[in-house]
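Visitor: Using only what follows, build the 3D model:
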Amino acid sequence: MDKTPPLLQVDIIDVGRLIYSGPCQRITAPAAWGEVCILPRHAPLLTALQPGEIRLQNSTGEERFFYVSGGFMEVKDSAVSILADQALRTSEIDQQRAEEAREEAEQVLRETHLLEDRDIAKLQLAKAIAQLRVLEHYRHIKGFKQI
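Guide: As a prediction, the model looks like this:
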């Protein structure tokens with residue numbers, strides 16, 4: 001009898017490129033209504049994604065982190081497909097640019113009363129904060145592994 005735990009096949013794709021493809025034990029994503037964790041044998045699901053962090057535990061137990069700016073996630077059988085507006089690996093996130101984007105968005109929110117400008121700034125702020133959180137979580141986990 002095979003005692004190998006079941007795995008999910010995960011594909012993370014943004015416009016024009018494959019970010020990640022491989023087996024994993026679980027994946028956590030920022031669904032439109034809040035964070036969801038997908039395990040093998042999950043019920044079928046189709047959901048919009050909001051800006052945030054994708055965390056997955058690959059087949060060897062290693063955690064991987066990705067940023068998504070939004071998009072869609074489909075869970076079907078043992079496959080998870082994420083089609084992102086933008087997806088970044090941790091190595092592709094520019095911390096300085098994310099911090100500058102956060103500061104600019106916060107400034108717009110403090111200074112403008114135009115609803116359209118405020119809505120755009122809120123979205124930019126959410127994206128910048130999400131990128132910074134991905135880096136923070138990645139560095140936290142990496143730090144634990146070095147001890």
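Visitor: give me every residue that touches Gly70.
Guide: Ala48, Leu49, Gln50, Pro51, Ala84, Asp85, Gln86 (Cβ atoms under 8 Å, 6 or more residues apart in numbering). Where C-beta positions appear, they are placed from N, C-alpha and C, glycine not excepted.
Visitor: how close does Arg110 sit to Ala121?
Guide: 9 Å (Cβ to Cβ, to the nearest Å).
Visitor: Comparing those two, which residue is more hemmed in?
Guide: Neighbours were counted for Arg110 and for Ala121 using other Cβ atoms under 10 Å; Ala121 has more, 20 against 8.
Visitor: which residues touch the nearest residue to the more buried one once chain neighbours are set aside?
Guide: Excluding its sequence neighbours, the residue lying closest to Ala121 (Cβ to Cβ, 6 or more residues apart in numbering) is Val108, at 3.9 Å. For Val108, the contacting residues are Asp117, Arg118, Ile120, Ala121, by Cβ under 8 Å, 6+ apart.
Visitor: Work out for me the element Val108 sits within.
Guide: Using DSSP states H and E, Val108 maps to helix 95-111.
Visitor: got the CA positions of that helix in CSV?
Guide: Extracted C-alpha coordinates of helix 95-111, given in CSV (Å, rounded to 0.1, in the frame of the first residue of the first chain):
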residue,chain,number,x,y,z
GLN,A,95,11.7,46.3,-1.6
GLN,A,96,12.7,49.9,-2.2
ARG,A,97,10.2,50.4,-5.0
ALA,A,98,7.4,48.8,-2.8
GLU,A,99,8.2,51.1,0.1
GLU,A,100,8.2,54.1,-2.2
ALA,A,101,4.9,53.0,-3.7
ARG,A,102,3.4,52.6,-0.2
GLU,A,103,4.6,56.1,0.8
GLU,A,104,3.2,57.7,-2.4
ALA,A,105,-0.2,56.0,-1.9
GLU,A,106,-0.3,57.1,1.7
GLN,A,107,0.5,60.6,0.7
VAL,A,108,-2.3,60.7,-1.9
LEU,A,109,-4.7,59.3,0.7
ARG,A,110,-3.7,62.1,3.1
GLU,A,111,-3.9,64.9,0.5
